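Undergrad: here is the input, now give the coordinates:
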Amino acid sequence: MKIPLLQVLSKKEHKLVNGYQVTKNSVIAHEGDVCENIGIIVSGKVDIISYAFKGKEMLLNSLKAGDVFGNNLLFSSDPIYRGDVVAKEKCVIAFINKENLVYLLQNNQDFLNLYLQAQSDFGKSLNARIQLLSFTNAEERLFYYASKNDNIIIFKNVTALAAQIGIQRETLSRLLTSLVKRHLIKKEKGKITFLKKRR
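TA: Numbers count the residues shown, from 1 in each chain. Model (predicted):
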């Protein structure tokens, strides 16, 4: 996949970027680590995960090729990761340290524009995630998640979807059964279509 942030770099500027292959389930950064680089996902998928009381896993964000992580921390007064950054599959990550990032932002207008766009997109994604997790009712949370996906959810399995929206698998399974019986959703293999919208 072509990554716009990296495509606008010259050959000389590419030397400021360090690329690494990361194996599936590897922890790229641990919760509590100091952020010293931004990471640009060249290929693969990455999750940012935190752990609540008693070790309950909470998905903070899911990132794909083209997305950036660490960008909201690098220039912070408290640049500490608030969750583990984990490769969900084999990944290639391009890292840029603070000094090199400042150089690129100052000297490459195209890179600056794309970086600011990535910052804005990350902020919107994070805000949507926070709003999702603010719903304590599982049904409201599911309908909110659906509304952000044109009322159609494509999912690998119930376990993965439960993690994505931050509820227990058993709770989601019971909820989906109930919604089908109430004719509020149509459930097919790997796809849920919402028949009625929530305001």
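Undergrad: ranges for the strands of the protein?
TA: Applying DSSP state E to the chain gives strands spanning 18-22, 27-29, 37-43, 46-51, 57-63, 68-69, 84-87, 91-97, 152-154, 185-188, 191-194.
Undergrad: to L175, which of these lies closest?
TA: Among the strands of the chain, the nearest to L175 by C-beta to C-beta is strand 185-188 (9.6 Å). Quick note: C-beta positions are derived from backbone N, CA and C, even for glycine.
Undergrad: would you format the strands of the chain as a markdown table with mean neighbour count, distance to V8 and mean pLDDT included?
TA: Putting these into a markdown table (neighbours: other C-beta atoms under 10 Å; distance: least, C-beta to C-beta, whole Å; pLDDT from 0 to 100) gives the following:
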| stretch | mean neighbour count | distance to V8 | mean pLDDT |
| --- | --- | --- | --- |
| strand 18-22 | 14 | 16 | 96 |
| strand 27-29 | 18 | 24 | 96 |
| strand 37-43 | 22 | 12 | 97 |
| strand 46-51 | 18 | 22 | 89 |
| strand 57-63 | 16 | 20 | 84 |
| strand 68-69 | 22 | 14 | 94 |
| strand 84-87 | 21 | 25 | 96 |
| strand 91-97 | 20 | 13 | 97 |
| strand 152-154 | 13 | 31 | 94 |
| strand 185-188 | 14 | 41 | 93 |
| strand 191-194 | 16 | 37 | 95 |
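Undergrad: now do the spatially most central residue of the chain against G190, distance only.
TA: Averaging the C-alpha coordinates of the chain gives a centre point, and the residue nearest to it by C-alpha atoms, centre = their mean is S62 (2.3 Å). Remark: distance between S62 and G190 (C-beta to C-beta, to the nearest Å) = 17 Å.
Undergrad: may I see the domains of the chain written out as residue ranges?
TA: By the assignment in automatic domain parsing, the chain contains the domains 4-121, 138-194.
Undergrad: among those, which comes closest to A128?
TA: domain 138-194 (6.1 Å).
Undergrad: re earlier: got a markdown table for the strands of the chain, with distance to A162 too?
TA: Conversion of the strands of the chain to a markdown table gives the following (distance: least, C-beta to C-beta, whole Å):
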| stretch | distance to A162 |
| --- | --- |
| strand 18-22 | 25 |
| strand 27-29 | 22 |
| strand 37-43 | 24 |
| strand 46-51 | 14 |
| strand 57-63 | 10 |
| strand 68-69 | 23 |
| strand 84-87 | 17 |
| strand 91-97 | 23 |
| strand 152-154 | 12 |
| strand 185-188 | 14 |
| strand 191-194 | 13 |
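Undergrad: quick one: the lowest-mean-pLDDT helix or strand in the chain to strand 91-97, angle?
TA: Ranked by mean pLDDT, DSSP states H and E, the weakest helix or strand in the chain is strand 57-63, scoring a mean of 84. In terms of direction (axes from the mean of the first three to the mean of the last three C-alpha atoms, to 10 degrees), strand 57-63 departs from strand 91-97 by 80 degrees.
Undergrad: which strands and helices sit next to strand 57-63?
TA: The contact analysis (3 or more C-beta pairs under 8 Å, 6 or more residues apart in numbering; DSSP states H and E) places strand 57-63 against strand 46-51, helix 109-134, helix 158-165.
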